[in-house]
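A.B. asks: Based on what follows, work out the 3D shape:
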Amino acid sequence: MGKMGIEDSYVMKGNRKLRCGYTTGSCAAGAARAAAFMLLSGKEIREVQIRTPKGILLNLEILEIHREDTSVSCAIRKDAGDDPDVTDQALIYASVERIPGNKIIIDGGTGVGRVTKPGLDQPVGEAAINRVPRAMILENVQEIQKQLDEPGGLQVTISVPQGEELAKHTFNPRLGIEGGISILGTSGIVVPMSEEALIATIRVEMEMRKAQGDKILLATPGNYGQDFLKTYPWITAEHSVKCSNYVGKTLEFAAELEFEGLLFVAHIGKFVKVSGGIMNTHSHEADCRAELLASAAVRAGASLDLVRRLLEIGTTEEAVELLKAEGILKEVIFQITSRISFYMNHHIEGKIPTEAVIFSSNEGLLGMTNGAAAMLERLKER
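C.D. replies: Okay, the predicted model is just below:
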């Protein structure tokens, strides 16, 4: 086999090169493409090429080929590069089978988790194959159908024989994803990044925003926040800084760089932790979302029964729906945003104004700290 396509993709940590890898989503899409080609052409291949959402072409080796009259299955081995990933070297299988009709159905098999609680990327009952990998699988199978002029219905099943065991080392069981791992990846590429390097990158981005004249720093923990920014037509994602889980460091850097204000736009699942003074929101650092929601509900006058139900939730989206149904969502969000405001201000001793906009994937805008609306207006100055 020739080059994979990521041999020259790496990040630096000190004087050391950290090798990039490719996601379980890329593996699933590549295996599905290869299986579809072998099923529809009758030919066998040992290598497949896919284009990742990041734009990188990957050449992936095909393993474990099994061919039958109406189906073909094969596997691609996950390579996480130098990133510590429990799925590294796992075999990701795709089986493609002819079915009546003209639809392409994508599902999970052995070792791929299934969603049992609301509020996740996929609906309850669906395989935990996230949106971007699903789109990659569908696109690659459709390309093969078009290339070979072979329309018709196909069933694509993704499986990971080691998945159930690997999932024990992830947060899937707590999130309500049962029976295996999730098929993930938004770019198709795994970029290894140490905590120190990531924090340094955040600082560099903030310095760049300052140099380009930003007075109010806009920060989002990740892609969900950047997607939500589309709510405000005068804001573009490229004007925001992705701060990941490092809320405290972002606050400190913003104060040091003397911004006139800092505005976070964040999903409640991340920022409810800040309402408890948690400044690194990574689940390995702290995961007391239910407890903080419950305490906010107590302050808002919730019943003991509702508080107990909140303590049993799997996701914050589920909690939001519960609070909405009980007619107490607005009061609880007020309590949460008030505590967020207190702890952000306390962390940097009031050196600069700090505000937050909180949203959920299902309900949209949930609430803001007192000065957030004014900061949103100031962002129009750009």
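A.B. asks: Dihedrals phi and psi, Ser187?
C.D. replies: For Ser187, the backbone dihedrals (degrees, to the nearest 10) come out as phi -110, psi -10.
A.B. asks: Ignore what I typed, I meant Ile183.
C.D. replies: phi -100, psi 110.
A.B. asks: And the residue nearest to it when sequence neighbours are not counted, how far from Val48?
C.D. replies: Of all residues not flanking Ile183 in the chain, Ile129 sits nearest, at 4.2 Å (CB to CB, 6 or more residues apart in numbering). C-beta coordinates here come from the backbone N, C-alpha and C atoms, glycine included. From Ile129 over to Val48 the distance is 18 Å, taken as CB to CB, to the nearest Å.
A.B. asks: before we move on, what about Arg67?
C.D. replies: From Arg67 to Val48 the distance is 15 Å (CB to CB).
A.B. asks: so what's the residue nearest to Ile183 up against?
C.D. replies: Contact analysis of Ile129 by CB atoms under 8 Å, 6 or more residues apart in numbering lists Gly25, Ala28, Ile106, Asp107, Gly108, Val112, Gln122, Ile137, Ile158, Ser182, Ile183.
A.B. asks: By pLDDT, rank these and give me the bottom one.
C.D. replies: Minimum pLDDT for the contacts of Ile129 is recorded at Gln122 (91).
A.B. asks: what about that one, how many neighbours?
C.D. replies: 18 (other CB atoms under 10 Å).
A.B. asks: Pull the CA coordinates from stretch 148-163 and hand them back as PDB.
C.D. replies: Extracted in PDB, the C-alpha atoms of stretch 148-163 (Å, rounded to 0.1, in the frame of the first residue of the first chain):
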ATOM      1  CA  LEU A 148     -21.000   2.200 -11.300                       C
ATOM      2  CA  ASP A 149     -24.500   3.300 -12.400                       C
ATOM      3  CA  GLU A 150     -26.000   0.900  -9.900                       C
ATOM      4  CA  PRO A 151     -29.000   2.600  -8.200                       C
ATOM      5  CA  GLY A 152     -31.100   0.700  -5.700                       C
ATOM      6  CA  GLY A 153     -31.600   0.100  -2.000                       C
ATOM      7  CA  LEU A 154     -28.600  -0.600   0.300                       C
ATOM      8  CA  GLN A 155     -28.300  -1.400   4.000                       C
ATOM      9  CA  VAL A 156     -25.000  -0.200   5.500                       C
ATOM     10  CA  THR A 157     -24.200  -1.600   8.900                       C
ATOM     11  CA  ILE A 158     -21.200  -0.400  10.900                       C
ATOM     12  CA  SER A 159     -19.800  -2.700  13.600                       C
ATOM     13  CA  VAL A 160     -16.900  -2.700  16.000                       C
ATOM     14  CA  PRO A 161     -16.200  -6.200  17.500                       C
ATOM     15  CA  GLN A 162     -14.300  -4.600  20.400                       C
ATOM     16  CA  GLY A 163     -16.700  -1.800  20.800                       C
END
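A.B. asks: Just the buried positions in it, please.
C.D. replies: Buried residues in stretch 148-163, counted by 16 or more other CB atoms under 10 Å: Leu154, Gln155, Val156, Thr157, Ile158, Ser159, Val160, Pro161, Gln162, Gly163.
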